[in-house]
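Participant: model this:
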Amino acid sequence: MDIADYYRQLGLRSGASVSQVKAAYRQLARQYHPDVNPGNEQAKNRFIAITEAYKFLVNIALPDGESKVPNDTKQTGTTSASQMPKTQPQRVKVTRKASPIENTQDLSAAEEKLKQDAYLQLQELLKYQRFPRAIALVEGLAQRIPDDVEVRQWQAIAYQRWGRHLIGEKQVDKARIYLKKAVKTDPHNRALWAEVERDFRRLEQIY
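Facilitator: Now for the predicted structure:
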C-alpha cells in the first residue's frame, strides 16, 4: 500500500498533520469498531485497514504548523534524500515517538574504515546513477553494521533515488517497490518521507 493509500483510508489528503490523522481515525474507529458492528465482517475489515493506516501515518505525519519539506535538516535530525552530504557524514540522532533517542552504534576502527570507504563509494555510485550497485553496496554495509542509524539512512536514500529513476523509465511497479522500501527502511526521516511522497504523486500522474 502506498503512503497516499494510507491517507485515503482515513479520508485525508496526503500531508495531513498528526492531529488530522488522529481525528480522522477516532471518527472512523467509532463507526467501524467490531463492538458497534457485531458479526459484520466488512466493518471488521474496514476497522483493521484504518487501524493499520493510523499506526503507519501517526509516526510519519508532520506536527501541526510544520513545513512539509524542512528548510533545515539539522533541525529534524535527518538527511535529505535530494543530497548526500559532501563531507564526512556527521553522527545523526533520530528521534522516534514513544521511544528514546537512538544513537549510532559504537564501531570498531575496522568498521569505521569500512563505513567511510563505503560512504565515498556510495556517493560516486549515486552521482553516476549506478543505482543497483549502490543498493548492493549499502545493503551489504547494513548487514555488516545492522544497528547504525546513518547506514540505514543511506540505504533508504539509495532506494528512493533508484525508485525516482525508475519513474523516469516508466517502470512503475518496480519504482513503487523501491519507494516503499525507502520509507520502511527509515520511516522517521521526514525529509526523505516528503520526497517519497512527491515521487508517489508523480506515479499517480503516470496512470
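
Participant: Give me the most central residue, this protein.
Facilitator: A centroid search over the chain (CA atoms, centre = their mean) returns Val183, at 2.2 Å, as the residue closest to the centre.

Participant: now Tyr7, nearest residue through space, not along the chain?
Facilitator: Using CB to CB, 6 or more residues apart in numbering and skipping the chain neighbours, the partner closest in space to Tyr7 is Ser14 (5.1 Å). Just so you know, the C-beta spots here come from the backbone N, C-alpha and C atoms, and that holds for glycine as well.

Participant: same check, this time on Tyr6
Facilitator: Nearest in space to Tyr6, with sequence neighbours left out and distances taken as CB to CB, 6+ apart, is Ala53 at 4.1 Å.

Participant: Identify the residues contacting that neighbour.
Facilitator: Contacts for Ala53 were tallied using CB atoms under 8 Å, 6 or more residues apart in numbering; they are 1, 5-7, 9-10, 25.

Participant: run the last query once more with 6 Å
Facilitator: Contacts for Ala53 (CB atoms under 6 Å, 6 or more residues apart in numbering) come out as 6, 9-10.

Participant: Distance check, it against Leu192.
Facilitator: According to CB to CB, to the nearest Å, Ala53 and Leu192 sit 20 Å apart.

Participant: same deal with Ile167?
Facilitator: Summarising the geometry, the distance separating Ile167 from Leu192, computed by CB to CB, is 16 Å.

Participant: try Gln205
Facilitator: For Gln205, the distance to Leu192 under the criterion CB to CB works out to 21 Å.

Participant: Neighbour count for those two, which is higher?
Facilitator: For Gln205 versus Leu192, the count of surrounding residues by other CB atoms under 10 Å is larger for Leu192: 27 against 8.

Participant: SS state for that one?
Facilitator: Applying DSSP: H, G, I helix; E, B strand; the rest coil to Leu192 yields a three-state assignment of helix.

Participant: Worst mean pLDDT across the helices and strands of this protein, which element?
Facilitator: For the chain, the helix or strand with the lowest mean confidence is helix 73-76, at a mean of 38 (criterion: mean pLDDT, DSSP states H and E).

Participant: What average pLDDT does the helix or strand just after that helix get?
Facilitator: For helix 73-76, the succeeding helix or strand toward the C-terminus, using DSSP states H and E, is helix 109-127. Here the mean pLDDT over helix 109-127 is 88, rounded to a whole number.
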